[in-house]
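> what would the 3D arrangement of this be:
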Amino acid sequence: MSTISRDEVAHLAGLARLAVSEEELEKFSGQLDVILDAVARVGEVAADEIPPTSHAVPVTNVFRNDEVREGLSREQALRSAPATEENRFRVPRILNEEA
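Here you go, the predicted model:
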């Protein structure tokens, strides 16, 4: 017996703005039932002595430490720019506004 009705699948499809055919409504109803059953079985297996985790294996941060380092000077940065104006990068105007 299906726990997800065709009407519920149609409602969900409408919320997601998906166009589905009559055949797809039947097919998706059965598929959603399988998914809900699988989720329910996972809930049955979970034991109180097993802590919830976000990863199956331990995860270690692989990022380097933040260190303050010398950056480019204004002149060095502007030297590579295709266009500059008043010691700033010059970029094409994208809005029709007065400067």
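
> what number of residues lie near Val9?
22 (other Cβ atoms under 10 Å). Every residue, glycine included, has its C-beta placed from N, CA and C.

> chain center to stretch 17-31, what's the gap?
Relative to its chain's centre, stretch 17-31 lies at 25 Å (Cα atoms, centre = their mean, to the nearest Å).

> am I right that Gly43 is in a helix?
Yes - counting by DSSP: H, G, I helix; E, B strand; the rest coil, Gly43 is part of a helix.

> buried ones in the worst-scoring helix or strand of the chain on mean pLDDT, by neighbour count?
Every helix and strand of the chain was ranked by mean pLDDT, DSSP states H and E. The lowest is helix 22-45, at a mean of 88. For helix 22-45, a neighbour-count test (16 or more other Cβ atoms under 10 Å) marks 25, 28-29, 32 as buried.

> ok, Gly14 to Glu67 distance?
Computed with Cβ to Cβ, to the nearest Å, the distance linking Gly14 and Glu67 is 53 Å.

> swap in Pro58?
For Pro58, the distance to Glu67 - Cβ to Cβ - is 26 Å.

> Asn61 now?
Remark: distance between Asn61 and Glu67 (Cβ to Cβ) = 15 Å.

> same check, this time on Leu36
50 Å.

> same thing with Glu49?
According to Cβ to Cβ, Glu49 stands 42 Å off from Glu67.

> same thing with Leu32?
51 Å.

> which stretches of this protein form helices?
6-15, 22-45, 74-79 (DSSP state H).

> and the first one, what's buried?
Which is helix 6-15. 9-10.

> tell me which other helices or strands it touches.
helix 22-45 (3 or more Cβ pairs under 8 Å, 6 or more residues apart in numbering; DSSP states H and E).

> tell me what angle the helix it packs on forms with helix 6-15.
Helix 22-45 runs at 100 degrees relative to helix 6-15, counting by axes from the mean of the first three to the mean of the last three Cα atoms, to 10 degrees.

> who are the contact partners of Ser29?
Applying Cβ atoms under 8 Å, 6 or more residues apart in numbering, we find Ser29 in contact with 2, 4-6, 8-9.
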